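S.K.: From the sequence below, what's the structure:
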Amino acid sequence: MKQKLKKNKTNSSGNVIRTILREELKNFATKDDLIKFEKGVDKEFVSFEAKMDFKFENLERRIDFKLGGLETRTDEKARQYRDDVLTSNDKLAKKFETVQQELEIGNLQMKRQLEDHQQRITILESAQ
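M.R.: Residues are numbered from 1 along each chain as shown. Prediction:
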């Protein structure tokens, strides 16, 4: 009988402890709660990842569009600059051609004058 009493005391104190622990631990998460939370977090991360992918794709498209416009403007400016350079080169080439023609004409005139002077000198020397 003493053993029964001791067993009952242990049992009743064990039940009290279990009751107290259950009461204290009822606000803590259980294994099932943690599994549900993990699944919910996974879904949220997947949803967040999808949103971020969409935002990055949208941002990438906007950047590509802006860079395409910038490239077009840069090409137009480069083309205009090249046209300006070629136009100025055409003007310079025309001026050089004109100067060359004037030099050729001047050289011809100098040759004729030199020949005329040579003929006069020859006539003057033979007259002496």
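
S.K.: Kindly tell me how buried K39 is, as a neighbour count.
M.R.: 10 (other CB atoms under 10 Å). Bear in mind the C-beta positions are built from the backbone N, C-alpha and C, glycine included.

S.K.: and if you look at D116?
M.R.: D116, neighbours per other CB under 10 Å, totals 10.

S.K.: again, but for L21
M.R.: 10.

S.K.: In terms of pLDDT, where does it sit?
M.R.: On pLDDT, L21 comes in at 83.

S.K.: Quick one: name whatever helix or strand follows the helix or strand hosting it.
M.R.: Secondary structure from DSSP states H and E places L21 in helix 2-25. Scanning forward in sequence from helix 2-25 by DSSP H and E, the next helix or strand is helix 31-127.

S.K.: Show me how far that next one is from its chain's centre.
M.R.: What separates the centre of helix 31-127 from the centre of its chain is 20 Å, taken as CA atoms, centre = their mean, to the nearest Å.

S.K.: Now stretch 75-88 - C-alpha only, PDB.
M.R.: Taking C-alpha atoms only, stretch 75-88 is exported to PDB below (Å, rounded to 0.1, in the frame of the first residue of the first chain):
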ATOM      1  CA  ASP A  75      24.900  57.400 -84.400                       C
ATOM      2  CA  GLU A  76      23.100  60.500 -85.800                       C
ATOM      3  CA  LYS A  77      25.700  62.800 -84.100                       C
ATOM      4  CA  ALA A  78      28.600  60.800 -85.400                       C
ATOM      5  CA  ARG A  79      27.100  60.800 -88.900                       C
ATOM      6  CA  GLN A  80      26.600  64.600 -88.800                       C
ATOM      7  CA  TYR A  81      30.200  65.100 -87.600                       C
ATOM      8  CA  ARG A  82      31.500  62.800 -90.400                       C
ATOM      9  CA  ASP A  83      29.400  64.800 -92.900                       C
ATOM     10  CA  ASP A  84      30.800  68.100 -91.600                       C
ATOM     11  CA  VAL A  85      34.400  66.800 -91.800                       C
ATOM     12  CA  LEU A  86      33.900  65.500 -95.300                       C
ATOM     13  CA  THR A  87      32.200  68.700 -96.400                       C
ATOM     14  CA  SER A  88      35.100  70.800 -95.000                       C
END
